[in-house]
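Asker: Turn this into a model:
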Amino acid sequence: MTAVHATSLSPAPTLLPFKPKQVIPDEPVGHLWRIEQGVVRTVTWDDEGDLVTLGLWGVGDCIGQRFTSMAPFQIESVSDVQVRAVPVSSQELGLVLRSHIRFMEDLFLINSYKLAPQRLLHFLTWLSHRFGQPVEQGQLLDIGLTHQLIAELTGINRITATRILNELEREGQLIRLPKQRLIISSIAMGKALGC
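Answerer: Have a look, this model is predicted:
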C-alpha cells in the first residue's frame, strides 16, 4: 500500500532531529511537520492515565496538532527522526487528511480481528508494507518496535504480544534481530493476506 504524501508542500530550510522517545513540539502556526526520516507515533492518554497510540507515521507523512481534537495530544519519535515544518494549503490539507483516514481505517480493520495471533500477524504485515525494506527473507522492519508498542497498537497486553512473537519466530514467520529489528517473512505476509 502506498501513502498519499503532501509532496507539493514547499519545505522550510530547517530539519529538526529527534532521538527515540523524544517529544516533537507543536508545529508552527499554518504549518505541519513533514517526516523526512524515521517513524513517529501520535499519542494521547485515556481517563485512567494510560498511553493510547493513535497512529504511526513515516517518511513523507505530514502530521500535526491541527488534525486532532484529542487533549492531551503528543507526537513522539519511535526511531531517530528528522522533521521539517512545511506550510500547507487547503487543497494539500485534503490530500493529507485522506492519507490519515486511510491509515486509521487500516488500523481499525486490523484491530477488528478477534484472535490476538491473527491481529498481530496482520499488524506486522501492515507495518512491513508501510515501513519495511525488502530483504531476501521478507521485509525488514527497522523502526525500533518494542513489545509494549506492538501490544498498544494491537490492543493486546505485552505478555501476550511477547508470547505470540515467540510463536511466530519458532514457526519461521519472523526473525528477530538486534536493536529491536524484525524481518517479517514472505510466508507470514502471504498467510496474513490469505495466500
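
Asker: Tell me which stretches of the chain form strands.
Answerer: 15-18, 23-24, 31-37, 40-45, 51-57, 62-63, 74-77, 81-87, 133-135, 138-141, 174-177, 181-185 (DSSP state E).

Asker: which stretch among those strands comes nearest L120?
Answerer: strand 174-177 (10.0 Å; Cβ to Cβ). Just so you know, the C-beta spots here come from the backbone N, C-alpha and C atoms, and that holds for glycine as well.

Asker: Let's see that closest one as CSV, backbone CA atoms only.
Answerer: Provided in CSV are the C-alpha atoms of strand 174-177 (Å, rounded to 0.1, in the frame of the first residue of the first chain):
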residue,chain,number,x,y,z
LEU,A,174,9.6,-13.7,11.7
ILE,A,175,13.2,-13.3,12.5
ARG,A,176,14.2,-11.1,15.4
LEU,A,177,17.4,-9.1,15.0
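
Asker: if we can go back for a sec, turn the strands of the chain into a markdown table, columns for mean pLDDT, distance to Q148 and mean neighbour count.
Answerer: As requested, these are exported to a markdown table (pLDDT from 0 to 100; distance: least, Cβ to Cβ, whole Å; neighbours: other Cβ atoms under 10 Å):
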| stretch | mean pLDDT | distance to Q148 | mean neighbour count |
| --- | --- | --- | --- |
| strand 15-18 | 96 | 19 | 16 |
| strand 23-24 | 96 | 17 | 16 |
| strand 31-37 | 94 | 22 | 21 |
| strand 40-45 | 94 | 12 | 19 |
| strand 51-57 | 89 | 9 | 18 |
| strand 62-63 | 93 | 22 | 24 |
| strand 74-77 | 95 | 13 | 20 |
| strand 81-87 | 94 | 19 | 20 |
| strand 133-135 | 93 | 23 | 10 |
| strand 138-141 | 92 | 16 | 22 |
| strand 174-177 | 90 | 15 | 16 |
| strand 181-185 | 89 | 15 | 21 |
